[in-house]
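In: missing the sequence, but the structure's below:
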């Protein structure tokens, strides 16, 4: 490892994306990235009895696929870093229950996938692990029930709201001497908690945009680079509104984000046709776009140098009812091939 | 770092407990460890309007105290590792909101304090940080409302139930050249998820005991040591029932835990006089006993070589309603001075 500046770190040991898999639902399969998602289920229960167990099942399928395809066994993998949106992160806990790997549970809201990759990169580079798994998920039905209203209520959604992605993403990270030319983690920049004072839980993109801007600016300053130095800059789930705010705020500080900046929440759904308003959200949004679309495209060298940043809104329904504003966080990695 | 065996790691860079602080409530102050707890509040709201904000306030006070007393500023501290029991880990998120340090949110239920210390030790030893903060909390009133019933219901508690500790614990970890003889992290052993098939949410100690036994056995095998090699073995919040199960199960495998094994949940309350049934629990249990009692006693060299293991029950109320059993995890560290 090499500390580049105050908060950005160069990963010097090889931390390669040895294997990756996305598992998504029917709506995501029908979206613009549908052709990329080869693992999906038309059954929103994924063969289980409840939405919560369905979400665990998605994680299990993604992890099984990754381990099987990698040729490694659980014994070859040191740690799992995982978390999700459900209270007490149960999707992850119950996915991991049947595994023999040591486990670190995370909560970073929708930033969890990148938080897991950053910590994986650090423990691999620090010599504590040869290989780790990073995994997360979200499910529209379990998230609606928990954060808003049960689906049966048929509640209205304002235009600024986002649609929780039903999806899980899993990556196997490590040195993988046998796998030469695969995408790898080159730099990491962990996020700070930033609160823009927004209290509208139907406008998460705006609430998280401040954290995204904070991380991007710190990263560009630390590395002495600009947006133009990258093939693609991809945020996790800011959606249309948050994406626009980031372009505006970065522009005010002289960073032109108009050419190569996109958002997973914008990419995964066709907002007009699929009635998803401001776009996709949830831990599974960044995770499934990373594993289903970005990494395969990097493998094909469509993109060779990418900033991938997952954002999280760190409030709870109860704190929102207590009139608290919504703190955000954005964790960023620089992926290269 | 040096990997001792499959899952235990020797921390080779100095990861010292540079500063530490516990902040607790009135009941904890009135308990057997009361004289150790110099920071406490007779007001269960800690001057705030709600129990959730009270819990955040405890974390803030613990962190402020640690930073101030250490002589460092936030700029000298690289990362915060934090988490708690509240949905979406809001006590930690809102505590960290006002800080300028990079943040990793964790969810390990009541194992969070040791999870945070293990990850801190790894990133410091790996060269990614000079100093980190590990912090967690729990609050009886916010936990009852969220996990069981609002206090106003006055619900009955079975004898196997535990009493959530109102307390926060914070440590500053790092190399601290100026602080020579302080307790330090010598070895770490992250936990695996173990499910004993127990579904009774009023018997968490039993649910977590399997994970505790798994971690202890792996640690003793990896290090080729036995319980007798340590001055004290302290688990987080197994309570009377879990503590007894651990002694029994370890005894069956030839490990005599009868002489030097205790549990924070047993130490913090006088179960008879304070009507806490099986003992204390919650993230704040292990955290406040570590920072209020154990580390100060190690500083006085009452104990020089200690195994400290925090256990977590990884279920949620909703998964319990869906008749799922309770997975447990136990993270362990070896502290020396």
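Out: Yep, it's here. A quick note: this is a predicted structure, and the numbers were derived from the prediction, not measured.
In: make it CA atoms for all contacts and neighbour counts henceforth
Out: Noted.
In: and residue A:147, how many neighbours?
Out: When neighbours are counted by other Cα atoms under 10 Å in any protein chain shown, residue A:147 registers 15.
In: That one against residue A:317, yeah?
Out: Yes. Look at residue A:147 against residue A:317 with Cα atoms under 8 Å: they come within range, at 6.3 Å.
In: looking at chain A, which residue lies furthest from center?
Out: Within chain A, the residue lying farthest from the chain centre (Cα atoms, centre = their mean) is residue A:153, at 28.8 Å.
In: Any regions of the stretch 51-200 of chain A where pLDDT drops low?
Out: A:178 (pLDDT under 70).
In: Quick one: the strands in it, in order.
Out: Here the stretch 51-200 of chain A has its strands, by DSSP state E, counting those that start in this stretch, at A:79-84, A:102-105, A:131-138, A:163-164, A:167-174, A:184-189, A:194-195.
In: picking up where we left off before, residues shared between the contacts of residue A:147 and residue A:317?
Out: By Cα atoms under 8 Å, 6 or more residues apart in numbering or on different chains, residue A:147 and residue A:317 have no common neighbours.
In: picking that back up, distance of the residue farthest from the centre of chain A from chain B?
Out: 19 Å (Cα to the nearest Cα, to the nearest Å).
In: Kindly report the same for residue A:38.
Out: To chain B, residue A:38 is 29 Å away according to Cα to the nearest Cα.
In: cool, residue A:310 as well?
Out: Distance of residue A:310 to chain B, given as Cα to the nearest Cα: 13 Å.
In: show me the contacts for that residue.
Out: By Cα under 8 Å, 6+ apart, the neighbours of residue A:310 are A:110-114, A:235-237, A:286, A:330-332.
In: Next, give phi and psi for it.
Out: Main-chain dihedrals, residue A:310, degrees, to the nearest 10: phi -100, psi 140.
In: Would you mind listing what in the stretch 1-150 of chain A touches chain B?
Out: Residues of the stretch 1-150 of chain A found near chain B (Cα under 8 Å from any Cα of the partner chain) are A:1-3, A:7, A:9, A:52, A:78, A:83, A:85, A:87-90, A:93-94, A:96-109, A:115, A:122-123, A:125-128.
In: The same query, at a cut-off of 7 Å, please.
Out: Within the stretch 1-150 of chain A, the residues that sit near chain B (Cα under 7 Å from any Cα of the partner chain) are A:1, A:87-88, A:90, A:93, A:96-97, A:100-103, A:105-108, A:122-123, A:126-128.
In: picking that back up, which one of the strands of the stretch 51-200 of chain A is the most hemmed in?
Out: Comparing the strands of the stretch 51-200 of chain A by mean neighbour count (mean count of other Cα atoms under 10 Å in any protein chain shown), strand A:131-138 ranks first with a mean of 31.
In: Sheet partners, orientation included, of that strand?
Out: Paired neighbours of strand A:131-138 in the sheet (DSSP bridges): strand A:79-84 (parallel), strand A:167-174 (antiparallel).
In: quick one: residue A:45 is in a helix?
Out: No. Per DSSP: H, G, I helix; E, B strand; the rest coil, residue A:45 lies outside any helix segment and is coil.
In: wait, which of the strands of the stretch 51-200 of chain A is closest to residue A:337?
Out: Of all these, the one in closest proximity to residue A:337, counting by Cα to Cα, is strand A:184-189 (6.2 Å).
In: still on that earlier bit, ok, which of the strands of the stretch 51-200 of chain A comes nearest residue B:291?
Out: Nearest of these to residue B:291, taken as Cα to Cα: strand A:102-105 at 22.1 Å.
In: any residues touching that closest one, and which ones?
Out: A:78-83, B:106-108, B:190-193 (Cα atoms under 7 Å, 6 or more residues apart in numbering or on different chains).
In: How many neighbouring residues does the nearest residue in space to residue A:97 that is not next to it in sequence have?
Out: Distance criterion Cα to Cα, 6 or more residues apart in numbering or on different chains; nearest residue to residue A:97, sequence neighbours excluded, is residue B:193 at 5.2 Å. Residues near residue B:193, counting by other Cα under 10 Å, number 29.
In: just residue A:142 next, same as before
Out: Residue A:142 has 23 neighbouring residues, counting by other Cα under 10 Å.
In: do residue A:148 as well
Out: Using other Cα under 10 Å: residue A:148 sits among 13 other residues.
In: Residue A:196 now?
Out: For residue A:196, the count of nearby residues is 15 (other Cα under 10 Å).
In: same check, this time on residue A:206
Out: By other Cα under 10 Å, the residues close to residue A:206 number 27.
In: pretty sure it belongs to a helix, no?
Out: Yes. Judged by three-state DSSP, residue A:206 forms part of a helix.
In: In the record's domain split, what are the boundaries for chain A?
Out: The record's domain parsing of chain A by automatic domain parsing lists A:3-174, A:184-336.
In: Dump those to JSON lines, plus distance to residue B:269.
Out: Below are the domains of chain A laid out as JSON lines (distance: least, Cα to Cα, whole Å):
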{"stretch": "domain A:3-174", "distance to residue B:269": "26"}
{"stretch": "domain A:184-336", "distance to residue B:269": "29"}
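In: closest to residue B:212 out of those?
Out: It is, among the domains of chain A and with distance given as Cα to Cα, domain A:3-174, at 13.2 Å.
In: Include distance to residue A:142 when you put the strands paired with strand A:131-138 into JSON lines, please.
Out: Output for the strands paired with strand A:131-138, formatted as JSON lines (distance: least, Cα to Cα, whole Å):
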{"stretch": "strand A:79-84", "distance to residue A:142": "11"}
{"stretch": "strand A:167-174", "distance to residue A:142": "12"}
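In: Residue numbers of the stretch 201-337 of chain A in contact with chain B?
Out: A:314-316, A:327.
In: Are any of those buried, and if so which?
Out: A:314-316, A:327 (16 or more other Cα atoms under 10 Å in any protein chain shown).
In: Widest-spaced pair of the residues you listed?
Out: A:316 and A:327 (10.1 Å).
In: Look up phi and psi at residue A:166.
Out: Torsion angles, degrees, to the nearest 10, at residue A:166: phi -90, psi 100.
In: related to what we said a few turns ago, and the contacts of strand A:102-105 as a markdown table, adding distance to residue B:263?
Out: Formatted as a markdown table, the contacts of strand A:102-105 follow (distance: Cα to Cα, whole Å):
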| residue | distance to residue B:263 |
| --- | --- |
| A:78 | 28 |
| A:79 | 27 |
| A:80 | 27 |
| A:81 | 27 |
| A:82 | 28 |
| A:83 | 28 |
| B:106 | 23 |
| B:107 | 21 |
| B:108 | 18 |
| B:190 | 19 |
| B:191 | 18 |
| B:192 | 20 |
| B:193 | 20 |
